[in-house]
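Enquirer: based on what follows, work out the 3D shape:
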Amino acid sequence: MKKIILSVAVATMALSTAAAALEDIKVNGQAKLWYETSNTANGDLFDDKKSSGEVVFKLGVTGKQGNVGFGASVYQTSTMGLENNLVSSSRTYTNSASPSGANNNEMFVGEMYITIPTVANTTLKIGKQELQTPFAFTEKWNAVPNTFNAAVVINKSIENLTLVGAYVGQGNANNPYDGADAGTAPDASWKVDGEVSRSFYEGAYAAVAHYKAGDMAANAYYYDLKRVATAYWVDAGMKVAGVDANVYYGAMDPKAANSEDTNAIALSLGTKVSDISLFAAISKTNDVDSTKTYYRLANTATNFKKTKLPTAGVYTDGVYVADEDTLAWKLKASTKLAGVGMALQYINNDQGTANSAKDTQEIDLILSKKLGDVNMKAILLDRSFDQALEDEKLGGQHVRIIASVDF
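Expert: Numbers count the residues shown, from 1 in each chain. Model prediction:
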């Protein structure tokens, strides 16, 4: 008995010493309900066969020991057993054809990283983490975000300039390069289940420069995705007479045989009139030979699902506005009325004759309101296609509801 008491005392002292050595310990979390229903393909709104959902619990912690910082987050996903009752699938997939409850009831690590100061004004962040670059980024529209195994070096030695170098080894979302050579047929599903893939087989390398001084900002990115493509992105913005003006240029040159590069130019303008924020954007991608391999100017980590082009909508996203031979434009107005955030946006996507099935219009009404400690968000969406067969298959209305509590 004395040995047991001594062991407990030693263990307690060890834990106390470790806790005392850690600093700035912060715990954060979120409980979220994600639900969407649609009446596409002759379905009915709120029918379980046309609905998907997920209940997600997240717990995170950050802190440091001396100069070394760390962060970690854990996710638990579940449909709460509502398959074939209120929903037909979980939202770890975006593919509506995925099996009922696929990837449901999983617990996985979202992030697990450390930050280490190195030479003057330079920090290394290594481990599983979220990233935000135009062609490899974390998407947060879904029930859970995708993350990456990466090493990122950040230098702030020069005033107004931040230099970043990154190596990205893996991600936890399916994409066309999951262990295969570039140019192979993509996996139709997009999931986040905590398991890393070989989505950046042989690695992706990026060099980034961020400049900001006063009302002017500019960003430049260069990528070498070893088995995929070489890519570039530049954007710059300035506020003039109360108008936020931004220009964008992106290009992606595939490494697959018989390939052709894709590029885009875009412009966005934003201003505020009284209590109403107004936004307009236009983008144009070049025409390419449809017999050759090309890649959209979108997120290489998620099968080019989302894009940083300013013309993207909720469903009219990278699959559409970042595609080849596309002219897209977007208008948006937002305000707050009676404590309710309201945004109304219209997106028009017009493609060349080779992809005329993607000619589409989307109208989104986005509402947000805080009810006590619960953050409520609703998206009411109407989508139509110029081509009758495509409109019958994908056209219609969607309702997305997200309720979350942050702590």
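Enquirer: going forward, measure contacts between C-alpha atoms and count neighbours the same way
Expert: Noted.
Enquirer: run through the stretch 201-350 of the chain and note the low-pLDDT ranges.
Expert: 201-202 (pLDDT under 70).
Enquirer: what bridges to residue 211?
Expert: residue 161, residue 218 (DSSP bridges).
Enquirer: hang on, it packs against residue 217?
Expert: Yes - taking contacts as C-alpha atoms under 8 Å, residue 211 lies within contact range of residue 217: 5.5 Å.
Enquirer: ranges for the helices of this structure?
Expert: Per DSSP state H, the chain carries helices over the ranges 2-21, 318-321, 388-394.
Enquirer: can you flag the weakest of the ones you listed by average pLDDT?
Expert: Note on the helices of the chain: helix 2-21 shows the lowest mean pLDDT, a mean of 51.
Enquirer: buried residues of stretch 334-344, list them for me.
Expert: 334, 335, 342, 343, 344 (16 or more other C-alpha atoms under 10 Å).
Enquirer: before we move on, what about stretch 301-312?
Expert: 301, 302, 303, 304, 305, 306, 307, 308, 309, 310, 311, 312.
Enquirer: pick out the most distant pair among these.
Expert: 301 and 311 (20.0 Å; C-alpha to C-alpha).
Enquirer: circling back: strands - which of the buried residues of stretch 334-344 land there?
Expert: 334, 335, 342, 343, 344 (DSSP state E).
Enquirer: which among the residues you listed gets closest to residue 41?
Expert: residue 344 (24.8 Å).
Enquirer: residue contacts, the closest residue to the closest one other than its chain neighbours?
Expert: Once flanking residues are discounted, residue 344 sits nearest to residue 365: 4.7 Å by C-alpha to C-alpha, 6 or more residues apart in numbering. Going by C-alpha atoms under 8 Å, 6 or more residues apart in numbering, residue 365 touches 342, 343, 344, 345, 379, 380, 381.
Enquirer: repeat for residue 73
Expert: Going by C-alpha under 8 Å, 6+ apart, the list of residues near residue 73 reads 58, 59, 60, 61, 109, 110, 111, 112.
Enquirer: got a list of what the first one touches?
Expert: In this case it means residue 58. 29, 30, 31, 73, 74, 75, 76.
Enquirer: run a quick neighbour tally on residue 250.
Expert: Neighbour count for residue 250, taken as other C-alpha atoms under 10 Å: 24.
Enquirer: ok, now which ones touch it?
Expert: Counted by C-alpha under 8 Å, 6+ apart, residue 250 has contacts 231, 232, 233, 234, 263, 264, 265, 297.
Enquirer: center of this protein - which residue?
Expert: What sits nearest the mean C-alpha location of the chain, by C-alpha atoms, centre = their mean, is residue 139, with 1.2 Å.
Enquirer: phi, psi for the closest residue to that residue other than its chain neighbours please.
Expert: In this structure, residue 139 finds its nearest non-sequential neighbour in residue 145, 5.5 Å apart by C-alpha to C-alpha, 6+ apart. The phi/psi pair for residue 145 (degrees, to the nearest 10) reads phi -90, psi 160.
Enquirer: hmm, back to that, select from the contacts of residue 73 the one having the most neighbours.
Expert: Sorting the contacts of residue 73 by how many neighbours each has (other C-alpha under 10 Å) puts residue 110 first, at 26 neighbours.
Enquirer: was I right to think it contacts residue 128?
Expert: Yes - shown here, residue 110 and residue 128 form a contact pair, counting by C-alpha under 8 Å, at 7.2 Å.
Enquirer: overlap in contacts of those two?
Expert: residue 147.
Enquirer: if I pick residue 361, what's in contact with it?
Expert: 316, 346, 347, 348, 349, 383, 384, 385.
Enquirer: name the nearest residue to it, ignoring sequence neighbours.
Expert: Of all residues not flanking residue 361 in the chain, residue 348 sits nearest, at 4.6 Å (C-alpha to C-alpha, 6+ apart).
Enquirer: could you report the neighbour count for that neighbour?
Expert: Neighbours of residue 348 (other C-alpha under 10 Å): 22.
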